[in-house]
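Visitor: task: produce atomic coordinates for the following.
(3 chains)
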Amino acid sequence: MAISKGYTGKILKVDLTTGTFDEISTEKYQSWGGGHGIGSAIFFDLCTDKTIKGTDPGNVVTLMTSPLSGTLAPSVAGRTEVQGIGIQAYPIGWFTRSNFGGRFSTQLKFAGWDGIVLTGKSPKQVWLNIINGDVKLQDAKDLWGLNTRETQEEIWARVEPSKKDSGWANMGTSRDAGRTTQHPAVLTSGPNAEKYGPMAALVHDAGNGAGQGGFGGVFASKNLKAISVVGTGGVSIADPDALMKARLWANDYSFAGHHDKPAEYVGLVAFASTPGRPLSTIQDNPEGTKSRPQGCVGCIRNCRGRTDTGQGNESQCVDFFWYDHHDVIANGHVTDASPRAADAIQLAGVNAFAVEAATLWIEQLYNKGIMGKGKEIDSNLPFDKFGSGEWAEAFINSIVTQTDIGKELCKGVAQAAEKWGRLAMDTTSGILPLQEWGLPHHYDARTEVEWGYGSLMGERDINEHDFNWSVYWTPTINGLFGLEPPVSAKRLSEIFAGKTAPYNDPMMINYSDEGIYSEAMAKTVAWHRHYTRFFKQSMLFCDWAWADFVNPYGPDMEGMTSIGENKFMNAVTGDDMTFEEGMEVGRRIWNIDRAVWALQGRHRDIEVFSEYSYKVGAQPGTTTYEAPYTMPVFEDNEWSFKSVAGRILDRQKVEDWKSLFFKLEGWDIKSGWPTRATLEELDLANVADELEKAGKLGASA
Amino acid sequence: MADLKNTATEVTPVVDSKTMSRRQFMTGVGGVGIGAIVGGLLGGALLLPDKVLAIQASGGYLLVDTKKCAGCTSCMMACSLTHHGETNMSLSRIQITQDPWGKFPDDITISQCRQCPYPSCVEACPTGAMHIDAKTGVRTVDEAKCVGCERCVNACPFTPSRALWNFEEKHAQKCDLCEGAKFWDEVGGPDGKRACEEVCPMGAIKFTKELPVQSADGYETDLRVGTVWKSLGFEGAPESGGHLG
Amino acid sequence: MSETLLATLDTKMAEKILRRVEATEALEAGILTPMAGTRPVRLFSLEQAERFLVLHDGKQVALGGAWATVNYVDPIHLATWVGEVLGDAELSAALDTIASTRKAYGYLVPELKELIASRIDQAKQALGITEAAAE
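Guide: Residues are numbered from 1 along each chain as shown, chains lettered A, B, ... in the order given. Alright, predicted model coming up:
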């Protein structure tokens, strides 16, 4: 069978140790879909010892696109999935993933590649230069200490031949070698990123970052500074007319179809939101700043912006939020400290979530007199200027230069806390908000359990907002003002039930004190793991637009999810995959990931939240203060929205829930390891063999 | 922008009521151009009395508002998709270029074909491949006649050139307002739909049949008026978080 | 300024309730940004707390305008802080009475804000601080 449309058909394998290149046939891995699925499968095949550290030359790193990359599928085309053994999580650097937007995946497809696989370690500092089929490793000694912008602009200058008078750059000597007006897409780490690896992100353009996992540090450990790619080819589409029509159909579900109807645009949903929502660019720049919305390739939402000062360009959400509130408290309103802080992390290539948690904690330590000049944790950071741009830049600089408190924080937040003897204490009181695997607390496991369970059963903060908009934000904000949410709790349960095949259980969004430990919640987490593994991380539908459950422009407030995803996929590939089939591929991917974690040392005994989750509610006085937290609950045979703020988790009930979850997934309840029966059902006998050899195969039920 | 050499300011619009009835025409007066044009190179030109050369105006124009553009390049992919059945930015007849670190509004340039009143690309073509469509006035390419000399590409007064070399199929091409969008089951052209306009999520591209007013920076186009744009805050951020004192 | 029902303050008490508290005694609150997250903030004085209580347009926030944030402080926690940290038991009890009505936050804020503002005004009068002098 020939490979479906949408794929280029080949994956670039780079052996950094020998400096040689190879091609992997995409067709061999097509059953995994793309992105994460293919990445996991290739990792499993090529990484022979999966128990190594992320900085070991044996680590295999994949950067994968999807058949939808570089196409008109809305809010999909620009994302790239990054995988490999990470160096951020604690105590074990799990095989993990990150993901970034922009233009990289599109240029990679246009250059003729479905992905890149990096193996080994280069004997000298290099960058990878891809111009269509022409691939080279080039000397990066003079790039190594540059920040992310300097690196990218320098690479542009080296790759782009002087443009002809016509403004089209020829990408070869022949006139038919291909032309483009586009800059190469460059993905790079910050300056000397091996020295702050666990905190180091990969950055592309001004504001696209793959932060989680410390992949900037993993790149640097391989002596790889950056990857540049530019392509002049295209992505062949099975049914161009169907794709155009699908895109225009989707416009009706988004702002794009409603420019001129101000009364109809709606905030607290993803796909239908106005451009720039949440408007970080506007909210986090000084008064009067003019800007535009700005988006990744093919986006229908365009959630970031660029400003008339150039500050804060393309940053979004936590890129600003790690610091903007400190700015506001210090200065009374947003000043240029906020965009300066955003630019500081982008230029240095530092993980925004990690510094957000670290900054909250540091502020507490300073206020308690534990950190500061001559204090228990000595620091000369200008704390009298906390909230200023100067402090933010000094703090980020301390990490990048491994000076002051950065001497420890460069090794990771949990790692620094351990070094300072505070890890257990501060994650018990909750002032150090690391909720799972030593990684920053995001949405709260105590209240919005699908987020916490998903992160715990997986390997990182899931950062997937599929349920979050509808089950938390909408009822919470409306509830604060005594407004009835546009969709009632009962109707919400019906909408979710209708779109969550194969489970389709209305109780899946029951966040009551009983519901969070129920079998239905196990289905929620399983569905979410499988959906995101396939549709969002393999097909690369963007988290900031998908899933589309509730949509004010859809029939009866229903969004496109369960219909839209496959409409786009099939128009591009020419296949006729159903939503349910996609979910099943997601389950398969989730299982191979789980198998790798088992090999790395995962066991249900270590799958526990940080202590504060069981001991302290998210009440005022903790840094993880998220109250109110109004969610749908089913109590006394009735659906309603109710505040569940302040809830703590019951340790035994969490354990019981884990058993329900493992049973549902067909895993061994005692260990949480996948069983042979489940793996073979998913055509993963080879995975079962490897687990068995390592003594990590789950016992059959 | 210094790339503007050929604008409506150089020509005078006239309507010849006798020979051209209601169709709008643009005229070029005197000079070398007439000889060359009368020599038959300009497909849609007609010689009028008193040595006034009338060039058939395009049946319409694409207006773009760069301040509204989000740089998502969906228009580029829609263009190549509907014309070539693949998403390929190098084959797109509209080009978006941008600088991620640039300052708004100069960080993005939209390069769409202006359907020039006096089209240098048409004039430069030695075979008549690049021509003015008699029915619609759209400046377009008869691919079969193209010999690949790229004179049209080099003649375009704009940068990047709006006429482009299709290095896959080996012919020149340019925006035809989707008259030739054969992979899209819609009627294109001035009286139909344009893929880039339809697909743009920002509403930053609009079609008009009126000759737009041009400035050195391009068309003077504000597609934000009459929309919700102003309420979204892009034209000046409000003071934010200013409640803490 | 509405008439306060609270007993008058002597200068010592007025100074006490208008003081800037230590960092460890700060009032924890949060800026909620729909679709983004809650950013914890600490407030160091009664005046800062009063300014933090912003009269948001709920509909506007729910629709998600450019400035769709909510300054949130738990009303009960606020009442407790005023009593235990600032030492104003009377104001604390009055705030608690409002908070205990369990109305939606958006409806509580105007009442809480007005009451605190009147108490600040009262304290300033006791200290002879006029608006002009304050500026």
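Visitor: in chain B, what residue lies closest to chain C?
Guide: In chain B, the residue that lies nearest chain C is B:Gly233 (3.3 Å; C-beta to the nearest C-beta). (Glycine included, C-beta is placed from N, CA and C.)
Visitor: before we move on, what about the stretch 401-550 of chain A?
Guide: Using C-beta to the nearest C-beta, the closest approach of the stretch 401-550 of chain A to chain C is made by A:Phe481 at 2.5 Å.
Visitor: any idea how far chain B is from the closest residue to that residue other than its chain neighbours?
Guide: Nearest residue to A:Phe481, sequence neighbours excluded (C-beta to C-beta, 6 or more residues apart in numbering or on different chains): C:Gly58, at 2.5 Å. According to C-beta to the nearest C-beta, to the nearest Å, C:Gly58 stands 16 Å off from chain B.
Visitor: measure C:Gly58 to A:Thr307 for me?
Guide: Distance, C:Gly58 to A:Thr307, by C-beta to C-beta, to the nearest Å: 29 Å.
Visitor: looking at those two, which one has more neighbours?
Guide: Regarding C:Gly58 and A:Thr307, a neighbour count based on other C-beta atoms under 10 Å in any protein chain shown identifies A:Thr307 as having more, with 27 against 20.
Visitor: isn't the more buried one right next to A:Asn285, touching?
Guide: Yes - A:Thr307 lies in contact with A:Asn285 (C-beta atoms under 8 Å); the separation is 5.6 Å.
Visitor: joint contacts of these two?
Guide: A:Ser291, A:Pro339 (C-beta atoms under 8 Å, 6 or more residues apart in numbering or on different chains).
Visitor: next, A:Leu12: phi, psi?
Guide: phi -80, psi 120 (degrees, to the nearest 10).
Visitor: ok, B:His131 - how many residues close by?
Guide: Using other C-beta under 10 Å, B:His131 has 21 neighbouring residues.
Visitor: please disregard the earlier target; I meant C:Ala126.
Guide: Neighbour tally, C:Ala126, other C-beta under 10 Å: 18.
Visitor: how far away is it from C:Lys16?
Guide: Applying C-beta to C-beta, the value for C:Ala126 to C:Lys16 is 11 Å.
Visitor: same thing with A:Glu194?
Guide: To C:Lys16, A:Glu194 is 54 Å away according to C-beta to C-beta.
Visitor: tell me which of these two has more neighbours.
Guide: Per other C-beta under 10 Å, whichever of A:Glu194 and C:Lys16 has more neighbours is A:Glu194, with 18 against 14.
Visitor: so for the more buried one, what's the pLDDT?
Guide: Model confidence at A:Glu194, expressed as pLDDT, equals 98.
Visitor: residues in the stretch 251-400 of chain A within reach of chain C, list them.
Guide: Residues of the stretch 251-400 of chain A found near chain C (C-beta under 8 Å from any C-beta of the partner chain) are A:265-268, A:270, A:273-274, A:276-280, A:282-283, A:317-318, A:321, A:324-325, A:328-329, A:360, A:366-368.
Visitor: from memory A:Glu464 sits against A:His530, does it?
Guide: No - with contact defined as C-beta under 8 Å, A:Glu464 does not count as touching A:His530 (11.9 Å).
Visitor: for chain C, which helix is longest?
Guide: The residue-count maximum for a helix in chain C (DSSP state H) belongs to helix C:105-127.
Visitor: can you give me the mean pLDDT across the biggest helix by length in chain B?
Guide: Secondary structure of chain B per DSSP H: the longest helix is helix B:74-84. Across helix B:74-84, pLDDT averages out at 98.
Visitor: and if you look at stretch A:516-530?
Guide: Stretch A:516-530 comes out with an average pLDDT of 98.
Visitor: so, low pLDDT: which residues of the chain?
Guide: Using chain A. Across chain A, the ranges flagged by pLDDT under 70 are A:1, A:162-165, A:262-265, A:277-279, A:619-626, A:701.
Visitor: the chain in question should be chain C.
Guide: In chain C, residues with pLDDT under 70: C:1-4, C:64-67, C:131-135.
Visitor: can you pull out the strands in it?
Guide: C:27-33, C:37-43, C:70-72 (DSSP state E).
Visitor: let's have these in TSV, adding distance to A:Val644 and mean neighbour count.
Guide: Formatted as TSV, the strands of chain C follow (distance: least, C-beta to C-beta, whole Å; neighbours: other C-beta atoms under 10 Å in any protein chain shown):
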stretch	distance to A:Val644	mean neighbour count
strand C:27-33	16	24
strand C:37-43	15	23
strand C:70-72	16	23
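Visitor: in CSV, list the ones you listed along with distance to A:Phe353.
Guide: Listed next are the strands of chain C as CSV, based on distance: least, C-beta to C-beta, whole Å:
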stretch, distance to A:Phe353
strand C:27-33, 16
strand C:37-43, 11
strand C:70-72, 22
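Visitor: B:His84 touches A:Gly234, doesn't it?
Guide: Yes - the pair B:His84 / A:Gly234 is scored as a contact, 7.2 Å apart, by C-beta under 8 Å.
Visitor: neighbour count for these two, which is higher?
Guide: Using other C-beta under 10 Å as the criterion, B:His84 and A:Gly234 rank with A:Gly234 on top: 25 against 22.
Visitor: OK, contacts around that one?
Guide: Shown in contact with A:Gly234 (C-beta under 8 Å, 6+ apart): A:Gly70, A:Phe110, B:Ser80, B:His84, B:Glu86, B:Thr87, B:Asn88, B:Met89, B:Ser90, B:Leu91.
Visitor: burial measure for the last one, as a count.
Guide: Which is B:Leu91. Neighbourhood size, B:Leu91 [other C-beta under 10 Å]: 24.
Visitor: so A:Leu599 sits against A:Ile52, correct?
Guide: No - look at A:Leu599 against A:Ile52 with C-beta under 8 Å: they stay out of range, at 10.6 Å.
Visitor: these two: who's more crowded?
Guide: Taking neighbours as other C-beta under 10 Å, A:Leu599 and A:Ile52 compare with A:Leu599 leading, 22 against 16.
Visitor: so who does the more buried one touch?
Guide: A:Lys50, A:Thr51, A:Glu690, A:Leu691, A:Ala694, A:Lys696.
Visitor: then B:Lys67?
Guide: A:Arg292, B:Phe104, B:Pro105, B:Asp222, B:Arg224, B:Phe234.
Visitor: report the buried members of these.
Guide: A:Arg292, B:Phe104, B:Pro105, B:Arg224, B:Phe234 (16 or more other C-beta atoms under 10 Å in any protein chain shown).
Visitor: tell me the two of the residues you listed that are most distant?
Guide: Across those, no pair lies farther apart than B:Phe104 and B:Arg224, at 13.5 Å, counting by C-beta to C-beta.
Visitor: circling back to that earlier point, looking at the contacts of A:Gly234, which is nearest A:Glu580?
Guide: Set against A:Glu580, the nearest of these by C-beta to C-beta is A:Gly70 (26.8 Å).
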